[in-house]
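Asks: Compute the structure for the input listed below.
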Amino acid sequence: MNKKLNVALVGCGAVAEYYHLPVLQRMPEYEIKYLVDLSKNRAESVMKRFRLSSKVETKYTKILDDDQLDAVLILTPPTFHKEQIFLAAEAGKAVFCEKPLSMNTQDAKDIIDVCERNGVKLLPGYQMRFDGKFSKIKEMIEKKMFGSLIGGQGLHFANAFEWPSVSKFQIDEQKGGGALFEMMHFVDLATWFFGKALSMTASIFQKKKKSSIDDTANLHLTFENDVSVALSIGWNTITVNSFTVYGTEGYLRALSDSKKLQYHAKNFLAQQPILIQPNHSVSPFQDELLHFYKTIMKDTSPIVTPEEIIQNAKIIESAYNESNKNKTIILEE
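Replies: Here you go, the predicted model:
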């Protein structure tokens, strides 16, 4: 696997600048052939800052005619994702796309269909699957170290209004903003850990009065085997990220500000938790892009399945449509 993957980075905003370009620079597997952005000045500024030799292009469709281009990395606001993925897939280019992949469930199905019909790889940007703490939780679940699963809890609090995005998409409903869409990361972790979601209740609020989007959301999901998971997100506070998995033999908590996981075993008498080393991870973003590279070069299936993509989209869409109605939302009959 000595071949470099020729890619176009589509969208030169904060996600590209703070997360993807710093790791792409140190990955010999990738060649950034194009920087694509509606603003030529923005793309050129990014190119100079990262000392790239990429070509700058403002017209996305133009780069897709390049037979030497292998894949696109779509880092644009969510409302543009479907069209950009369709154009790439129909041009035979593999697709990595930041979350949320789609604005609704039908769009997710259409995106999967067009990629399958054209035989191209599709990987949504669920980088938390590549975080060593969360992959360790997944490993321990598979080894049944918690006994029978009881449930879980995910908390994601931050001041997302201060995120320096160029488009300000996160606070613009028309561009796919809102806290619930940002909760996609924890919805995906719940899907990855616990499988098929059957039902849920949802509440969504707007705490910041001058904002036009939801900034607080709570989901209570029921999975197969009576596993219950509570997810909460808030955008008006200090940063807190944690996920806890509970089972009959103990529970495990991953905290964003702790390098190790805290494991509380049922039959362990000590008051302090057992500290567990997470799986090795250079960077979730780097490991995610390395996985994308390997799926193309080895022709293997991406870690995120079509069924998981659809379930994640359905959970978010159903929550938006049916929240605050004091009723259970049926996801699977």
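Asks: Poorly predicted segments of the stretch 1-150 of the chain, please.
Replies: Applying pLDDT under 70 to the stretch 1-150 of the chain flags the ranges 1-2.
Asks: Check the stretch 201-333 of the chain too.
Replies: Ranges of the stretch 201-333 of the chain meeting pLDDT under 70: 209-211, 269-271, 333.
Asks: again, 50 this time
Replies: Within the stretch 201-333 of the chain, no range satisfies pLDDT under 50.
Asks: quick one: the strands in it?
Replies: Taking DSSP state E, counting those that start in this stretch as the test, the strands found in the stretch 201-333 of the chain are 216-223, 227-234, 240-247, 250-255, 261-265, 274-276, 329-330.
Asks: Compare the ones you listed and report which one is nearest to Lys33.
Replies: Nearest of these to Lys33, taken as C-beta to C-beta: strand 240-247 at 34.3 Å. In this view, the C-beta of every residue, glycine as well, is placed from N, C-alpha and C.
Asks: which other residues reach the closest one?
Replies: Here strand 240-247 makes contact (C-beta atoms under 8 Å, 6 or more residues apart in numbering) with 134, 137, 140-141, 145-158, 186, 189, 193, 251-256.
Asks: Turn the strands of the stretch 201-333 of the chain into TSV, including distance to Lys33 and mean neighbour count.
Replies: Output for those, formatted as TSV (distance: least, C-beta to C-beta, whole Å; neighbours: other C-beta atoms under 10 Å):
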stretch	distance to Lys33	mean neighbour count
strand 216-223	39	22
strand 227-234	36	22
strand 240-247	34	21
strand 250-255	37	20
strand 261-265	39	18
strand 274-276	41	14
strand 329-330	44	16
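Asks: Tabulate the ones you listed (JSON lines), appending distance to Leu290.
Replies: Converted to JSON lines, the strands of the stretch 201-333 of the chain look like this (distance: least, C-beta to C-beta, whole Å):
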{"stretch": "strand 216-223", "distance to Leu290": "30"}
{"stretch": "strand 227-234", "distance to Leu290": "28"}
{"stretch": "strand 240-247", "distance to Leu290": "23"}
{"stretch": "strand 250-255", "distance to Leu290": "22"}
{"stretch": "strand 261-265", "distance to Leu290": "23"}
{"stretch": "strand 274-276", "distance to Leu290": "24"}
{"stretch": "strand 329-330", "distance to Leu290": "37"}
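Asks: just checking, which of the contacts of strand 240-247 belong to strands?
Replies: Secondary structure from DSSP state E places 149-157, 251-255 of those in strands.
Asks: mind listing the strands for the stretch 51-200 of the chain?
Replies: For the stretch 51-200 of the chain, the strands defined by DSSP E, counting those that start in this stretch cover 55-57, 71-74, 94-98, 122-125, 149-157, 197-205.
Asks: what number of residues lie near Lys136?
Replies: Applying other C-beta atoms under 10 Å, we find 21 residues neighbouring Lys136.
Asks: before we move on, the earlier item: I'd like to know which of the ones in strands among the contacts of strand 240-247 is nearest to Met47.
Replies: Lowest distance from Met47 to the ones in strands among the contacts of strand 240-247 (C-beta to C-beta) belongs to His156, with 32.7 Å.
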